[in-house]
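Peer 1: Give me a 3D structure for the following:
(one chain, ligands or ions: 1)
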Amino acid sequence: MPLNMTKGVTEISQQVYDLHMTIFWICCAIGAVVFGIMFWSIVRHRKARGVQPAQFHESTKVEILWTAIPVIILIIMAIPATKTLIAMEDTTEADVTVLVTGSQWKWHYKYLNHDVEFYSLLATPREQIINKFAKGENYLLEVDRPLVIPTGKKVRFLMTSDDVIHSWWVPAFAVKKDANPGFINEAWTKVEQPGIYRGQCAELCGKDHGYMPIVVVAKAPADYDAWLNGEAERIAKAKAEEQELLSMNMSMEELMSVGERTYTAYCAACHQPNGEGLPGIFPALKGSAMALNDIPGHINIVLNGQAGTAMQAYAKQLSLKEIAAVITYERNAWGNNTGELVQAADVHAVMQGKGD
Ligand SMILES: [Cu+2]
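Peer 2: Okay, the predicted model is just below:
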């Protein structure tokens, strides 16, 4: 039954599925009885047969019956539903806690007990989206860095958002929870089988709502620990590199190549691959006064965003190198031939100037 709900891979998702089927069959039975009696009555007591209508207006017996029977049915349905809901909401005694933050249009995962956090971006190539290449098997359901969780452990998710309401939905876990700005919602899962599980943002959150998928990789605890150590190492190394970078100058070639990659991943959705933006919605960078003249202003807006607009703050999302590179790229692509290089140290200087 491809139209039916998935059974999923967790105890909770199985419970949710069973509950769904129970209620479904109760609804079917009620439908059959109600419509059966209705059509039988219509046919049996039709005017053409000369049947006299029965008179039972304001019959207390009937009134009580048709109130009591639905109430009893509702109570019968509420018992298993409440049990499942309570189990779904019980996030206590979790082994791992992950803070999930939605933002237009990507997810951020932070492991609260470790020094590990990262953004998870859509990995489907643009060429597939614009029909230049054939669509892949996991079209729009693949990311650069998946969320990794251990099998056999209770994983608690804390959901929130940086901008608008998103919803973190992985059908196989029966987890679907709104990520609201300024609030924290909780959910949990416990996956027994290692595997790759895919989901999507389930709350219409703007233009690229369809481009912020979720990929969860469940690994055996030993593999999970190895992954976690590797990630912590990677992040520590990136931080050390960042410090080193401050005294280094990158070449135009390197900045442009890193810049183009960064631009495509983070900026092109709004400002468009050709830098022309969308008139009236997203400003053009090609030929813009900021990209041609105002270097500190340009760095500042990329770092801190622009309040009240869709322009986000990238200071935490991108490395110093990527920010320097993307600004250099924007100042030298599409005929913006300023010839100016922006280095990591320039970005760092603007960051320090802001006093944070
Ligand atoms: Cu969303």
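Peer 1: hey, where'd the strands end up in the protein?
Peer 2: With strands called from DSSP state E, the chain shows them at 96-103, 106-111, 116-120, 147-150, 155-161, 166-170, 175-179, 185-189, 195-201, 214-219.
Peer 1: elements contacting the fifth one?
Peer 2: Packing partners of strand 155-161 (3 or more Cβ pairs under 8 Å, 6 or more residues apart in numbering; DSSP states H and E): strand 96-103, strand 175-179, strand 185-189. Glycine gets a C-beta too; all of them are placed from N, C-alpha and C.
Peer 1: now the angle from it to strand 185-189?
Peer 2: 150 degrees (axes from the mean of the first three to the mean of the last three Cα atoms, to 10 degrees).
Peer 1: Figure out how far strand 155-161 is from the centre of its chain.
Peer 2: 11 Å (Cα atoms, centre = their mean, to the nearest Å).
Peer 1: Just give the closest residue to residue 267, not the sequence neighbours.
Peer 2: residue 326 (6.6 Å; Cβ to Cβ, 6 or more residues apart in numbering).
Peer 1: just checking, that neighbour touches residue 264?
Peer 2: No - Residue 326 is beyond contact range of residue 264, at 9.8 Å (criterion: Cβ atoms under 8 Å).
Peer 1: Between those two, which has more neighbouring residues?
Peer 2: Under the neighbour definition other Cβ atoms under 10 Å, residue 326 and residue 264 were set side by side, and residue 326 has more, 26 against 15.
Peer 1: how near is that one to the ion?
Peer 2: As judged by Cβ to the ion, to the nearest Å, residue 326 and the ion stand 23 Å apart.
Peer 1: swap in residue 115?
Peer 2: From residue 115 to the ion the distance is 27 Å (Cβ to the ion).
Peer 1: repeat for residue 202
Peer 2: 8 Å.
Peer 1: Against the centre of this structure, work out the most remote residue.
Peer 2: Centroid-distance maximum for the chain: residue 50 at 63.3 Å, with Cα atoms, centre = their mean.
Peer 1: ok and the residue in the stretch 1-150 of the chain nearest the ion?
Peer 2: residue 102 (5.3 Å; Cβ to the ion).
Peer 1: OK, contacts around that residue?
Peer 2: Listed by Cβ atoms under 8 Å, 6 or more residues apart in numbering, the contact partners of residue 102 are 108, 159-163, 166-168, 179, 201, 205, 212.
Peer 1: redo that, cut-off 10 Å
Peer 2: For residue 102, the contact set (Cβ atoms under 10 Å, 6 or more residues apart in numbering) comprises 108, 159-168, 178-181, 201, 203, 205, 212, 214.
Peer 1: Helices along the stretch 251-356 of the chain, start to end?
Peer 2: 252-262, 268-271, 289-292, 295-304, 320-332, 344-353 (DSSP state H, counting those that start in this stretch).
Peer 1: Give me whichever of those helices is most buried.
Peer 2: Of all the helices of the stretch 251-356 of the chain, helix 320-332 has the most neighbours on average by mean count of other Cβ atoms under 10 Å, namely a mean of 24.
Peer 1: That's all I had, so thanks and see you.
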